[in-house]
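Participant: 3D, please:
(2 chains)
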Amino acid sequence: RKEVEQDPGPFNVPEGATVAFNCTYSNSASQSFFWYRQDCRKEPKLLMSVYSSGNEDGRFTAQLNRASQYISLLIRDSKLSDSATYLCVVNRGSYIPTFGRGTSLIVHP
Amino acid sequence: SQTIHQWPATLVQPVGSPLSLECTVEGTSNPNLYWYRQAAGRGLQLLFYSVGIGQISSEVPQNLSASRPQDRQFILSSKKLLLSDSGFYLCAWRLERWGGYTFGSGTRLTVV
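Facilitator: Numbering: from 1, shown residues only, chains lettered A, B, ... in the order given. As a prediction, this is how the structure comes out:
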């Protein structure tokens, strides 16, 4: 089993749709979690951290389920500009990050 | 504010030639530093990380090496490039234990 697994997609959704991505991890001792966004041929950029209690930033909601070892990202009211690849990151130990391969999102008019 | 610089942006090198990519961080001290590679259509592969000057940990045995000669400088090197070394090389840093990682703008390396 890979350390971090994501459905590669692509997820093809219309503007205004709600879309959710999941990311599973294998190491139960993982300590911190993040979602990143990567545009084509660009560096990844931090979208949001993921906290045990769940957290929200505008249209984006992130959740962590430690019992089932997955994190999720929910995007509401999708915009064309949300089209990108979304990477989940799981910290193995306190400073060793493992990135998922990413989920591609395409938002169409 | 903290910034991370990575250069060059694009590089085309012949097989067998040496490589040196440099990454520097400004506005902070004692950051954790990372080198990643992303092959075309693939995920990010952690190559090296460093938690202090002169300290390097290698994640994947390969044709590359890394050094950290100064607190905020991280260098990725190779003595002889292979075709399989082509990819998008990204440097990243992290300060706080629970903070996220910030990436440089990357170097797109093509070995020909």
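
Participant: How about the residue of chain B at minimum distance from chain A: what's its closest non-neighbour residue?
Facilitator: Residue of chain B nearest chain A, by CB to the nearest CB: B:G43 (3.4 Å). C-beta here means a position set from N, CA and C on the backbone, and glycine is covered the same way. Excluding the flanking residues, the one nearest B:G43 by CB to CB, 6 or more residues apart in numbering or on different chains is A:R101, at 3.4 Å.

Participant: I'd assumed B:R42 was in contact with that neighbour.
Facilitator: Yes - counting by CB atoms under 8 Å, A:R101 does reach B:R42; the two are 6.9 Å apart.

Participant: okay, these two: which has more neighbours?
Facilitator: Higher neighbour count among A:R101 and B:R42: A:R101, with 19 against 12, using other CB atoms under 10 Å in any protein chain shown.

Participant: secondary structure class for that one?
Facilitator: Three-state call for A:R101 (DSSP: H, G, I helix; E, B strand; the rest coil): coil.

Participant: Now it: phi and psi?
Facilitator: Main-chain torsions, A:R101, degrees, to the nearest 10: phi -80, psi -10.

Participant: returning to that earlier point: what's around the residue of chain B closest to chain A, how many residues?
Facilitator: Around B:G43 there are 18 residues (other CB under 10 Å).

Participant: for it, phi and psi?
Facilitator: According to degrees, to the nearest 10, B:G43 has phi -80, psi 180.

Participant: For it, give its distance to A:Y25.
Facilitator: 14 Å (CB to CB, to the nearest Å).

Participant: returning to what we had before: which residues sit in contact with the residue of chain B closest to chain A?
Facilitator: Contacts here follow CB atoms under 8 Å, 6 or more residues apart in numbering or on different chains; on that basis B:G43 touches A:L87, A:F99, A:G100, A:R101, A:G102.

Participant: show me the contacts for the first one.
Facilitator: I take that to be A:L87. Counted by CB under 8 Å, 6+ apart, A:L87 has contacts A:6, A:35-38, A:44, A:99-103, B:43-44.

Participant: and what of the last one?
Facilitator: For A:G102, the residues meeting the contact criterion (CB under 8 Å, 6+ apart) are A:Q6, A:P8, A:Q38, A:T85, A:Y86, A:L87, B:G43.

Participant: how about a cut-off of 6 Å?
Facilitator: A:T85, A:L87 (CB atoms under 6 Å, 6 or more residues apart in numbering or on different chains).

Participant: is it true that B:L44 touches A:F99?
Facilitator: Yes - look at B:L44 against A:F99 with CB atoms under 6 Å: they come within range, at 4.1 Å.

Participant: Please identify which helix or strand holds the closest residue to A:S68 other than its chain neighbours.
Facilitator: Closest residue in space to A:S68, ignoring its immediate chain neighbours: A:T24 at 8.0 Å, by CB to CB, 6+ apart. Using DSSP states H and E, A:T24 maps to strand A:19-25.

Participant: Skip the chain neighbours and tell me the closest residue to B:L21.
Facilitator: Spatial nearest neighbour of B:L21, chain neighbours left out: B:L76 (4.4 Å); criterion: CB to CB, 6+ apart.

Participant: quick revisit: wait, which of the contacts of A:L87 is closest to A:T61?
Facilitator: Set against A:T61, the nearest of those by CB to CB is A:W35 (10.3 Å).
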